[in-house]
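Peer 1: kindly return the folded structure for what I paste below:
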Amino acid sequence: MKRIFLFTATLFFLCQLVISQNKITVEQIYGGFFRANSMDQLQPLKKSNQYTVLNNDRSSKSMQIDLYDFNTLEKLKTLFDTKDFSEFKGIDDYRFNKNENQILIATNRKSIFRHSYLADYYLFDMEKKSLKKISTHQVQEPTFSPDGQKIAYAYLNNLYVYTIASDKTSMITNDGQKNQIINGITDWVYEEEFAFVRAFQWTANSEHLAYIKFDESQVPEFSMDVYGSELYPTQEVFKYPKAGEKNANVSLHIYHLKTNTTTAVGLNQFKAEYIARINTTNLPETVSLQLLNRHQNHLQLVHVDANGNPKIILEEKDNAYVDVTDDLTYLDNHDFIWTSERDGFNHIYHYDQNGKLKNQITKGSWEVTKYYGFDKKAQTIFYQSTEPSSIERAVYQIGLNVKNKRLLTNLKGTNNASFSPDFSSFILTHSSAAIPTNFSLVSTKTAQVVKTILENSQLKEKREKYNIPQKEFFTLKNENGEELNAYFLKPTNFDPAKKYPLLMFQYSGPGSQQVADQWLNTNDYWHAMLTQKGYIVACVDGRGTGYKGVAFKKVTQKELGKYEVEDQIFAAKTFAKYDFIDGNRIGIWGWSYGGFMSSNCILKGNDVFKMAIAVAPVTNWRFYDSIYTERFMTTPEENPTGYDDNSPINHVDKLKGKYMIIHGTADDNVHVQNAMRMIRALQLANKDFDQAIYPDTNHGIYGGKIRIQLYNKMTDYILNNL
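Peer 2: Residues are numbered from 1 along each chain as shown. So this is what the prediction gives:
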């Protein structure tokens, strides 16, 4: 009996030793150890039932654009291989012309802001196997004309058209100047808040180029010191309209290629502040605009013909704000598909070419989250929605006549689809909190998996090997009885009789979502690492977050940071009553809007939160940009108390717990001014706090091993103060 006991005890000790050796580290998380394999830049073709994927051959240090068959998933051939061309070290992006016999390929990418970048662009002819550079300079947003004969692009705030056959370039505008005039490319605030960069569009007949001109001359400038590696620092100066300040004056222009003339389009009658979208229609000489007033609660869909004649097609109004949509799709008869929140949830609508409603296609107390496309042969629409639950996503089809609705995915969690050109099949991307991201081919007709493509099974093995806990989803009712989505991450050896310190994580921004049934991201792995150190991590999506309808999302209007903070404080106080939570050891952290929230929570909730970390936080809404802030708050002049009552900088006197503020000095989005003014206010109030400033890093705070250093610092701060 003794020998058996000794053997069992030894085996138990060895097992425990193995488990203890498999602890998650920050170095693993941000070194790519838990990174999932993916299908990079999957692009379904339009002229054939095929798709392309960008592959990376590490042995030859080369990249390939490979062509696959949608029905068999078999690789048909390699369309382009960087090892055949010395000009390429890698591929950053690629796009096809209409005939899909030429590819425009980007390399040597140089980022500008969040979405914008410069790159060297080469035109590859697949039939001739020839390669030529479209410009001697790095340029922005090159785009094929619909007939495939020309490419329009932007360079140094001006527009150019490159003619492929003659290898000639024409300058379309000549008044572009930094911090003064931008032609065809959005300014900083449009790029950040309307999330688009290319502000020019071809007409369907390829004879006209419509573009937006930004006159930034009256917009106030913001400057950032760049410390660099030289003896003297430099300064980056750019236009940044803060809440209530002047925006760029925008105007629409149409360039006519046949006559080399430009028409200025009069839009004053629409009394719009913003041209939030510009799109091609299927009418040969017409483009569409989405215009918004400054309050962003009145959207107008306007068609403009090549002669510069505008016509209003559709209007959307809301007491709070109206979101622009990227789901505008024109049918062959010039009807169009549109998504809107007008009935309280985001749904699909069918209008005729004059803007008369023909049908509301989807309806219910759930949200359409993606519009995939329209099969004109079957007269069927394909979309993704939250019908299973607000934390899940499923794929559906429905007839244009609102009949024959079908569920195409039956897996719990998050489902996304990339449809074949004929809509007969789709590549399903699926994941859940329990299942890593995987890819499979699904038949649209049967809704059954035809073939598995990629499973990421190694991540499931790592989850077990590294003892990574699974999220426990639940709902929490706030003081008004509204259900808030939430989850816990508990140590895998969780003991309900023990009391654990609790770290809460959130973002909380309008329309956002953190509580979602999908596979782990890097923050999830870091939170899992903290559970191995004896913490419970919780996340609660409070009022103002998305995918639960307009009333839930827009309740925070004119009061950013009020109801969201109330819900986080309520959740913390509720958790403090749980038998397994140590109510004296509750902390909270967040990044950007989440940093704004964690700052507010430790100040306004100083009776419950012991510690907070705020990364790149807004500390005063008066410091943030016009489009985002005014969408939810109107202007400071109109709503001074809304701005001041909920800005952390005005509540520093309430600080009791441990607080760390972190910021990058080159943050072009949430300026380091927010942190510096907050630090100054805390010092003037004689408050003890901690700070970490990262020179020359932007809103993402990365580069080299900076992310590893940052998360190790935050880990130590939590271990020492919670």
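Peer 1: relative to Phe419, how far out is the residue lying closest to Gln102 once chain neighbours are set aside?
Peer 2: If you skip the residues right next to it in sequence, Gln102 has Asp125 as its closest partner in space, 5.4 Å away by CB to CB, 6 or more residues apart in numbering. C-beta coordinates here come from the backbone N, C-alpha and C atoms, glycine included. Distance, Asp125 to Phe419, using CB to CB, to the nearest Å: 28 Å.
Peer 1: compare these two and say which is more crowded by neighbours.
Peer 2: Counted by other CB atoms under 10 Å, Asp125 and Phe419 do not tie: Phe419 has more neighbours, with 22 against 14.
Peer 1: just grab the bridge partners of the more buried one for me.
Peer 2: Residues in a beta bridge with Phe419, per DSSP bridges, are Phe426.
Peer 1: look at it and report its pLDDT.
Peer 2: Reading off the confidence values, Phe419 has pLDDT 95.
Peer 1: list the contacts of it.
Peer 2: 44, 372-373, 382, 425-426, 444 (CB atoms under 8 Å, 6 or more residues apart in numbering).
Peer 1: in a markdown table: those, plus secondary structure.
Peer 2: Formatted as a markdown table, the contacts of Phe419 follow (DSSP: H, G, I helix; E, B strand; the rest coil):
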| residue | secondary structure |
| --- | --- |
| Pro44 | strand |
| Tyr372 | strand |
| Gly373 | strand |
| Phe382 | strand |
| Ser425 | strand |
| Phe426 | strand |
| Thr444 | coil |
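Peer 1: tell me which of the residues you listed is nearest to Val565?
Peer 2: Nearest to Val565, judged by CB to CB, of these is Tyr372 at 37.0 Å.
Peer 1: report how many residues lie close to that closest one.
Peer 2: 19.
Peer 1: let the chain start at 22 from now.
Peer 2: Noted, 22 is the first residue going forward, which turns the last one into Tyr393.
Peer 1: distance of it from Ser69?
Peer 2: The spacing between Tyr393 and Ser69, counted by CB to CB, is 19 Å.
Peer 1: Gln589 too?
Peer 2: Taking CB to CB, one finds Gln589 at 51 Å from Ser69.
Peer 1: of these two, who's got more company?
Peer 2: Applying other CB under 10 Å to Gln589 and Ser69 shows that Gln589 carries more neighbours, namely 26 against 15.
Peer 1: wait, isn't the more buried one in contact with Ile607?
Peer 2: No. If you go by CB atoms under 8 Å, Gln589 and Ile607 don't touch, sitting 10.5 Å apart.
Peer 1: who touches both of those two?
Peer 2: Met525.
Peer 1: surely Phe215 touches Ser647?
Peer 2: No. Contact criterion CB under 8 Å: Phe215 and Ser647 do not qualify, at 11.7 Å.
Peer 1: so for these two, which sits in the more crowded spot?
Peer 2: Legend: neighbour count by other CB under 10 Å for Phe215 and Ser647, higher for Ser647 (23 against 19).
Peer 1: what's the spacing between that one and Met618?
Peer 2: Distance from Ser647 to Met618, by CB to CB: 21 Å.
Peer 1: distance of Lys82 relative to Thr128?
Peer 2: In terms of CB to CB, Lys82 sits 14 Å off from Thr128.
Peer 1: all helices of the chain, in order?
Peer 2: 23-42, 47-50, 209-214, 478-486, 543-553, 571-574, 584-597, 614-625, 647-654, 661-666, 694-705, 727-742 (DSSP state H).
Peer 1: which residue lies nearest the spatial centre of the chain?
Peer 2: Central residue of the chain (CA atoms, centre = their mean): Ala216, 8.7 Å from the mean position.
Peer 1: residues contacting that residue?
Peer 2: Contacts of Ala216 (CB under 8 Å, 6+ apart): His136.
Peer 1: now with 10 Å?
Peer 2: 135-136, 207, 297, 345, 347 (CB atoms under 10 Å, 6 or more residues apart in numbering).
Peer 1: of these, which is the most crowded?
Peer 2: Thr207 leads these on contacts (other CB under 10 Å) with 27 neighbours.
Peer 1: contact partners for the residue lying closest to that residue once chain neighbours are set aside?
Peer 2: Spatial nearest neighbour of Thr207, excluding adjacent residues (CB to CB, 6+ apart): Ala220 at 5.0 Å. Counting by CB under 10 Å, 6+ apart, Ala220 touches 162, 175, 180, 203-208, 211-212, 231-235, 271, 273, 296, 298-299.
Peer 1: still on that earlier bit, what residues are shared contacts of Lys82 and Thr128?
Peer 2: 103, 110-111.
Peer 1: which of those residues are buried?
Peer 2: Thr103 (16 or more other CB atoms under 10 Å).
Peer 1: mind putting the shared contacts of Lys82 and Thr128 into TSV with distance to Glu476 and pLDDT?
Peer 2: Listed next are the shared contacts of Lys82 and Thr128 as TSV, based on distance: CB to CB, whole Å; pLDDT from 0 to 100:
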residue	distance to Glu476	pLDDT
Thr103	28	95
Lys110	31	87
Gly111	27	93
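Peer 1: narrow the shared contacts of Lys82 and Thr128 to those in strands?
Peer 2: Among the shared contacts of Lys82 and Thr128, DSSP state E puts none in strands.
Peer 1: name the nearest of the shared contacts of Lys82 and Thr128 relative to Ser59.
Peer 2: Gly111 (16.3 Å).
Peer 1: can you pull the contacts of the closest residue to the closest one other than its chain neighbours?
Peer 2: In this structure, Gly111 finds its nearest non-sequential neighbour in Met84, 5.5 Å apart by CB to CB, 6+ apart. By CB under 10 Å, 6+ apart, the contact list for Met84 reads 61, 75-78, 101-104, 109-113, 115, 126, 128.
Peer 1: again, 7 Å this time
Peer 2: 75-77, 103, 111-112 (CB atoms under 7 Å, 6 or more residues apart in numbering).
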